[in-house]
Structures are given as structure tokens and as C-alpha cells.
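Novice: this one's structure only:
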């Protein structure tokens with residue numbers, strides 16, 4: 001049984017999916033009789049280059065063409081049309097440059113160009129994958145392309161235009177074919193399914209369109225595999241037997257689990273897919289693509305993706321915008337891009353994705369877990385808070401003299417007035433403090449992200465940490481000076497930070513238990 005893309009190959013320009021810019025130009029040339037002597041069709045595989053080349057070859061030799069207002073169409077009834085469609089036309093030559101790369105093959109072609117057509121008006125030479133020709137073969141072809149006989153037409157097709165010499169490109173009329181949108185592919189697949197009398201759910205057709213990545217031939221091949229199931233009605237459950245495992249429904253459920261902060265559910269969905277043979281890097285590519293779609297939808301650009309999803313899935317994508325912030329989406333995309341890079345090298349391919357899911361749902365638990373691995377530095381006694389000089393006169397404490405190996409952040413150059421501050425105000429400005437330290441002291445930044453501002457006495461801010469090492473690090477001379485100076489500048493009043501150690505609460509222990517259970521272990 002022939003494949004679908006051969007059985008349903010378009011026989012008129014009207015049947016060709018999309019590529020309107022190409023069809024309209026060629027039909028106008030055919031209608032006016034101003035056909036070029038050489039064409040160059042370029043674009044990705046499986047999008048109709050060879051099909052249009054054959055249509056053009058058939059049209060120029062058609063004996064009874066239809067020259068209606070809608071355009072020029074071959075009749076498909078005359079002997080020339082039938083012979084061209086059947087591949088037996090003596091005046092149409094198809095050459096695969098991938099297997100005929102040598103100069104001798106081109107010279108043989110050139111020798112035949114000189115002779116008049118056997119039956120039609122033109123001799124048409126279709127050279128597929130023309131970029132595969134050798135340099136000598138291209139040189140041999142150049143002269144003929146520049147001054148071919150009036151009865152010869154060359155149609156060159158390539159997927160890699162950058163490999164075709166500029167001297168060849170300049171002698172041809174170039175047409176760039178584009179990939180098909182999901183909606184265009186779905187429309188084409190619906191016509192084929194109707195002709196085959198098979199009922200297929202629309203979400204299955206959209207799934208095929210996404211997997212084909214704009215290539216109509218790939219889409220029709222996947223549809224042919226579904227037809228091979230022998231079912232007269234195909235739903236997503238039946239389609240999953242043929243389509244790759246990482247389909248949209250799995251990715252949507254995974255991201256929806258993350259949106260609900262349900263790391264256990266997301267990781268379970270991920271591992272179920274892996275057990276069914278899902279390719280983890282491919283799955284992560286789909287996750288990043290979906291998160292990107294949600295991000296654009298959040299920014300008001302969902303209409304760009306309406307053709308990529310069927311109505312039900314599009315509604316779910318829209319609902320995700322209500323639970324994800326822009327910052328959360330960008331952070332998630334970065335985490336899964338990093339997981340994608342390491343997935344191929346990990347002994348457990350899904351481990352990086354599992355960790356990314358845990359960081360998204362329980363950032364505080366993962367941070368506590370990872371910071372246990374920080375090697376302790378030489379113990380140093382906590383430095384008591386230095387008294388503020390000139391308190392009440394609005395003067396800032398003088399910084400500790402800098403050491404060559406230490407980075408000391410200069411204090412504000414302006415005199416700050418003393419005023420009262422609240423815990424809520426300090427908490428609202430804490431992220432700004434962390435952002436200023438991001439490039440200057442990343443290790444201190446990680447510690448400060450776990451700080452808990454508990455109380456303020458005068459202008460002294462007390463912050464608590466779950467680990468004694470963190471409190472000691474914050475209270476060290478240079479670190480404390482940097483924090484005090486930056487926070488004074490942010491708050492607009494001189495302040496002093498005092499770090500204290502408070503053991504982890506039951507809530508932190510619960511987060512650690514969730515982290516352990518999600519990965520199949522037991523909490524300590």
C-alpha cells in the first residue's frame with residue numbers, strides 16, 4: 001500500500017497546502033507565458049518543494065490548461081499531464097543530486113539539453129537536493145543555467161541553500177518555502193481522514209501537527225501509522241500507541257501539578273512517562289515550549305498560539321496564567337533549560353527534571369538541603385554589633401579599613417536622617433538588598449534569602465537563621481559592614497543588623513520530609 005503522502009500528493013495548485021506566495025507567482029507566469037528558465041526552491045524538508053516542481057513541469061506542457069480568473073491549473077486529462085503524473089513523461093527528468101553528485105552526471109544531463117523535446121513544449125529538469133553536487137559539477141552546470149536552450153527549464157530544490165554557490169543562486173528565480181502552521185496541517189489531515197472514512201478526534205490531529213514540527217510529509221506519515229491500527233474512530237488513547245509518549249496532555253498535567261505546588265504529582269507524571277519509554281530531553285523541550293506559551297499569554301500574546309492548540313488545551317493554557325507570575329515562569333524556564341542540558345549526561349535522566357520540580361514547588365526546602373553541603377570555614381567568634389557613631393545626628397558609622405583580599409562596599413556618601421522603621425518595611429526591602437549583593441557576594445546572597453526578620457529595637461534589626469554557621473557568617477566584620485551600609489542606603493536611615501541562631505521549626509522539618517518522600521526516600 002503506497003504511503004499517504006504519495007497517494008494524496010496534490011495534482012493542482014489549489015490542492016497545495018499554503019505556500020500562497022509561491023503558487024500565485026508561478027500561476028501568473030504560466031498564465032502570461034513568461035516562465036523563467038531556472039528556478040530554485042528552498043526550505044525545510046517535507047513542505048512541498050518537489051510537489052510544486054512536478055506541478056510546474058506538468059503545467060508548462062499541459063495541452064488544455066485552465067486559465068480561469070482563479071489562476072492557471074493543469075487539466076490532468078491530456079496525455080502530457082497523465083504521463084507526468086505517472087512518471088513516464090519523456091520530457092521531464094528528475095535527478096537526485098545526493099546520488100548523482102559527480103561532474104560526469106551533470107555533463108550527461110547537459111548533453112541531453114541540446115536536443116528538442118520529444119513531445120511537449122519544454123524539457124524540464126528537476127534536480128532534488130542540488131546542494132549535494134560537487135564543485136566541479138556546479139561549475140559544469142553554470143554555463144547551461146546562464147544560457148539554456150529556449151525549450152529547457154531547470155528546477156533546483158534544496159534544504160540547505162547556504163551550500164549552493166552564489167553563482168548558481170543568482171542565475172535562478174528563488175522561492176522560499178515556509179513551514180506549515182499547526183492549523184494548516186490539521187486542515188490537510190482532516191481532508192485525508194475524510195477521504196479514508198476514518199473519524200479522528202481534533203486533539204489527535206493537533207498532536208500530530210505538533211510532532212511534525214511544520215513538516216506536512218511527517219504529519220501524513222504519522223497519520224498513516226494511525227490508520228494502520230485498523231480503527232474507524234481514533235481517540236487520544238488509541239493514538240498514544242503510535243505517537244511519541246511526550247504528548248501535550250502529559251506536559252499539561254506536569255505543568256499543572258507544578259502550578260499547584262504539588263511536586264509529588266508532577267514527579268509521578270514524569271516517572272510514569274519515563275517508564276513508558278518517554279525521551280526525557282524531548283519531554284523537557286515540550287515543557288519549556290509550554291511554559292514559554294504561558295509566559296506570552298501572561299503578557300497578552302496568547303493569540304499567537306491559538307493555532308497550535310485545540311480549544312480544550314488552549315483553555316487550560318489560559319488558566320495557567322492565573323496561577324503563574326512572570327517571575328515564576330522565567331525562573332521555571334531557566335531551571336528546565338538547565339535540566340535539559342544535563343539530562344543526557346545524568347545516570348538517572350529524569351533526576352535533573354525532578355530537582356527542578358522540587359525547586360519550583362518547595363524552594364525553601366531545596367535551599368536548606370543544598371546549603372548543608374557548604375563546607376564550614378574557619379570558626380570565627382560572632383562580632384558584636386558596632387555602636388553607631390553620632391547616633392541622633394544622622395551620621396553613618398565609618399567603614400572598617402579595607403583588606404586587599406576582601407570586597408568592601410563603600411557606605412552611602414550622603415548623610416541619612418534617623419527615623420523609625422518597622423519589620424514590614426524591612427521585609428519589603430529585603431529582596432532589594434539581595435539583588436544588590438547578587439554580583440558582589442553570591443554566597444552571602446544565598447544565606448540572606450533564608451533570613452527571617454523578627455524584631456527591631458531602635459535602629460537595630462534582628463534576623464534569625466536556622467543554622468548557626470549562617471548567623472556567624474552574617475555577623476563577621478566585612479559581611480556585616482556591607483549589609484549595614486547597603487540596607488542603610490535602601491531604607492534611608494542608619495541601621496545595624498544582628499544575626500541570631502534559632503533551631504529549625506516543625507514546618508521546616510515537614511518541608512524536608514516532603515522532599516524526601518517525593519523522591520521515594522524516608523525522612524530522617
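Specialist: Sure thing, it's come through. Please read all numbers here as calculations on a predicted model, not as lab measurements. Residues are numbered from 1 along each chain as shown.
Novice: CA atoms for contacts and neighbours, from now on please.
Specialist: Noted.
Novice: Roughly how far does residue 431 sit from residue 446?
Specialist: 12 Å (Cα to Cα, to the nearest Å).
Novice: Then residue 116?
Specialist: From residue 116 to residue 446 the distance is 80 Å (Cα to Cα).
Novice: Assumed residue 456 was part of a strand.
Specialist: Yes: with DSSP: H, G, I helix; E, B strand; the rest coil as the criterion, residue 456 is part of a strand.
Novice: contacting residues for it?
Specialist: 421, 422, 423, 462 (Cα atoms under 8 Å, 6 or more residues apart in numbering).
Novice: Doesn't the last one lie inside a strand?
Specialist: Meaning residue 462. Yes: according to three-state DSSP, residue 462 belongs to a strand.
Novice: Find the nearest non-adjacent residue to it, please.
Specialist: residue 498 (4.9 Å; Cα to Cα, 6 or more residues apart in numbering).
Novice: Can you give me the pLDDT of that neighbour?
Specialist: What the model reports as pLDDT for residue 498 is 87.
Novice: That one - how many residues pack around it?
Specialist: Residues within reach of residue 498, counting by other Cα atoms under 10 Å, total 22.
Novice: wait, it sits on residue 465?
Specialist: No: the criterion here is Cα atoms under 8 Å, and residue 498 misses it with residue 465 at 10.9 Å.
Novice: which parts of stretch 313-325 are buried?
Specialist: By 16 or more other Cα atoms under 10 Å, the buried positions in stretch 313-325 come out as 313, 314, 317, 320, 321, 324.
Novice: Next one: the third one relative to residue 344, how far apart?
Specialist: Going back to what we said before, that points to residue 317. The value you get for residue 317 to residue 344, if Cα to Cα is used, is 28 Å.
Novice: can you check the fifth one too?
Specialist: Spatial separation of residue 321 from residue 344 under the definition Cα to Cα is 30 Å.
Novice: What of the last one?
Specialist: In this structure, residue 324 and residue 344 are separated by 28 Å, where distance is defined by Cα to Cα.
Novice: now the fourth one
Specialist: Separation of residue 320 from residue 344 (Cα to Cα) stands at 29 Å.
Novice: sorry, back to before: so among the contacts of residue 456, which ones count as buried?
Specialist: 421, 462.
Novice: Ignoring the adjacent residues along the chain, who's closest to residue 358?
Specialist: residue 263 (5.9 Å).
Novice: Give me the neighbour count for that neighbour.
Specialist: 27.
Novice: pretty sure it is in contact with residue 254, am I right?
Specialist: No: counting by Cα under 8 Å, residue 263 stays clear of residue 254, with 9.1 Å between them.
Novice: mind listing what's buried in stretch 141-159?
Specialist: For stretch 141-159, a neighbour-count test (16+ other Cα under 10 Å) marks 141, 144-145, 148-149, 151-159 as buried.
Novice: wait, stretch 325-336
Specialist: For stretch 325-336, using 16+ other Cα under 10 Å, the buried residues are 329, 332, 333, 335, 336.
Novice: Over to stretch 476-485?
Specialist: 476, 477, 478, 479, 480, 481, 482, 483, 484, 485.
Novice: And residue 125, how close does it get to residue 325?
Specialist: 57 Å.
Novice: One more: residue 271?
Specialist: Residue 271 is 27 Å from residue 325, by Cα to Cα.
Novice: show me where the stretch 1-150 of the chain has helices.
Specialist: 4-7, 20-32, 49-60, 79-86, 103-113, 135-146 (DSSP state H, counting those that start in this stretch).
Novice: make that the stretch 151-300 of the chain, sorry
Specialist: Under DSSP H, counting those that start in this stretch, the stretch 151-300 of the chain gives helices at 166-169, 182-195, 202-212, 216-227, 236-239, 248-259, 263-275, 280-298.
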